[in-house]
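>>> with the sequence up front, the predicted model follows.
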Amino acid sequence: MTTDKKNTPPARRSRLREFFQVNEVFGYFFRGKDPERPSNINIRMMHGINKISIIIFLLGVIYLLFKLVILR
């Protein structure tokens, strides 16, 4: 009986690492201009609001962690 690597479940550590990856979030803030991507006022406003909401969410998570750990 041979083991097929496609059917084996990934290690628990790699799943946890994938769950806590924030590369896409930082990439969203620091990406360059793509000349093939359409740009109009609606898309720019949408991305601006998305960036503001991500920042507010991260500040809220930091506040909750601070409140949980420090102000116990």
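It's in.

>>> low pLDDT regions in this protein?
The model of the chain has pLDDT under 70 over residues 1-17, 19-20, 22, 25.

>>> cutoff 80 now
For the chain, the stretches flagged by pLDDT under 80 are 1-34, 37-38, 71-72.

>>> helices of the chain, residue ranges please.
For the chain, applying DSSP state H gives helices covering 12-19, 23-29, 41-69.

>>> reformat those helices as TSV; add distance to residue 35 and mean neighbour count.
The C-beta positions use only the backbone N, C-alpha and C, and glycine is treated the same way. Putting those into TSV (distance: least, C-beta to C-beta, whole Å; neighbours: other C-beta atoms under 10 Å) gives the following:
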stretch	distance to residue 35	mean neighbour count
helix 12-19	31	9
helix 23-29	18	9
helix 41-69	14	10
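
>>> what distance do you get for the residue nearest to residue 51 when sequence neighbours are not counted to residue 70?
Distances taken as C-beta to C-beta, 6 or more residues apart in numbering place residue 29 nearest to residue 51, at 6.5 Å, with adjacent residues excluded. According to C-beta to C-beta, to the nearest Å, residue 29 and residue 70 sit 27 Å apart.
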